[in-house]
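>>> my questions concern the predicted model and sequence given below.
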Amino acid sequence: MSDTLRFATWNVNSARARVDRICAWLEKSNTDVLAIQETKCKDNQFPADRFTDLGFEVAHLGANQWNGVALLSRVGIDDVQRGFPGQPEWSKTESVEPRAIGATCAGVTFWSLYVPNGRTLDDPHYAYKLEWLDELANNAQQWLESDPEAKIALTGDWNIAPLDEDVWDIEVFRDATHVSEPERRAYERFLDAGYKDVVRPFTPGPGVYTYWDYTQLRFPRREGMRIDHILTTPALADCIADAHIDRDERKGKGASDHAPVVVDIKK
DNA sequence: ATGGCGATATTTTATCGA
């Protein structure tokens, strides 16, 4: 029996288009719990059988071809929460989008999060992004205040580069989303509440990324962004033995534009 | 030390992504 739980988060950019690659990666990476984002399908289109065949239990939240989040676990999956209290609606569709799913696996509550992109600083989507993060932070703060020993991981595609070194050229991102001060302040609310980025200490930058655009040879040129993060409560942060970004998974035909981010948790 | 956008539905063009 291993005394370590391996958790990963990965924006897969379509579960259906990527299912072979996801299964292959699950098998070779020895992952116990995987949070995925951008499944891009409805619940009845999600290839759950492919994962149950590998011994995983599945919780998926989807609505249509956009967004979609899931958790896969081979160590049990309990108390599934679809969305979070107060999660804002996207005004254009007047719907709460499938961007958050949480569950407890082996004593740890994992959230698979797909934070709104924001698009541009003057787009309604940007205000939506900030409101969405603020409401999530309200919940996260309350969870920790009500149980200071709670083991909670807030994981996924945050669509925020917290530091200038988290993009390959900060000048390219002047007046762009993902690096603006309001977005960074929204992210820092989680740190102020006590949550820790448990990946960065094991993967220091500069030049360390989790996403590379498909266009303009961004990956071979090593021009990426660190926007996928794992934040945990202090009690869980104390259990992190190791972390890495599986950059190799970005290589080759049929790759997602994001790489998996992995942590090893001491039980 | 990798490879010149990709996925999906609204489908031959639009929408979204970051």
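That came through fine.
>>> my guess is A:Val261 meets A:Ala243, correct?
Yes: counting by Cβ atoms under 8 Å, A:Val261 touches A:Ala243, with 7.5 Å between them. C-beta coordinates here come from the backbone N, C-alpha and C atoms, glycine included.
>>> which one of the two has more residues nearby?
Between A:Val261 and A:Ala243, counting by other Cβ atoms under 10 Å, A:Val261 is the more crowded of the two (25 against 20).
>>> mind checking the SS state of the residue of the stretch 51-200 of chain A at minimum distance from DNA strand B?
For the stretch 51-200 of chain A, the residue closest to DNA strand B is A:Gln65, as judged by Cβ to the nearest atom of the strand, at 3.5 Å. Following DSSP: H, G, I helix; E, B strand; the rest coil, A:Gln65 is assigned to coil.
>>> and it, how many neighbours?
So A:Gln65, with other Cβ under 10 Å, has 12 neighbours.
>>> where does the closest residue to it other than its chain neighbours sit: helix, strand or coil?
Spatial nearest neighbour of A:Gln65, excluding adjacent residues (Cβ to Cβ, 6 or more residues apart in numbering): A:Lys40 at 5.4 Å. A:Lys40 carries the three-state label coil when classified by three-state DSSP.
>>> and A:Lys40, what does it touch?
A:13-17, A:62, A:65-68 (Cβ atoms under 8 Å, 6 or more residues apart in numbering).
>>> please redo it, this time with the cut-off set to 10 Å
For A:Lys40, the residues meeting the contact criterion (Cβ atoms under 10 Å, 6 or more residues apart in numbering) are A:12-18, A:46, A:62, A:64-68.
>>> out of those residues, who's the most crowded?
Neighbour max across the contacts of A:Lys40 (other Cβ under 10 Å) = A:Gly68, 29 neighbours.
>>> which residues touch it?
A:Gly68 neighbours (Cβ under 10 Å, 6+ apart): A:12, A:14-15, A:36-43, A:45-46, A:60-62, A:97-99, A:101, A:112, A:114.
>>> out of these, list just those in strands.
Among the contacts of A:Gly68, the ones falling in strands (DSSP state E) are A:36-37, A:60-61, A:101, A:112, A:114.
>>> possible to save those as a markdown table with pLDDT and distance to DNA strand B?
A markdown table is the format used below for the ones in strands among the contacts of A:Gly68 (pLDDT from 0 to 100; distance: Cβ to the nearest atom of the strand, whole Å):
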| residue | pLDDT | distance to DNA strand B |
| --- | --- | --- |
| A:Ile36 | 97 | 12 |
| A:Gln37 | 97 | 8 |
| A:His60 | 97 | 14 |
| A:Leu61 | 97 | 16 |
| A:Ile101 | 98 | 17 |
| A:Ser112 | 98 | 14 |
| A:Tyr114 | 97 | 7 |
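>>> which of these sit farthest apart?
A:His60 and A:Tyr114 (12.6 Å; Cβ to Cβ).
>>> which neighbours do the two share?
Counting by Cβ under 10 Å, 6+ apart, the residues touching both A:His60 and A:Tyr114 are A:36, A:39, A:68-69, A:98, A:101.
>>> how far out from the middle of the chain is stretch A:144-152?
Mean-position distance between stretch A:144-152 and its chain equals 20 Å (Cα atoms, centre = their mean, to the nearest Å).
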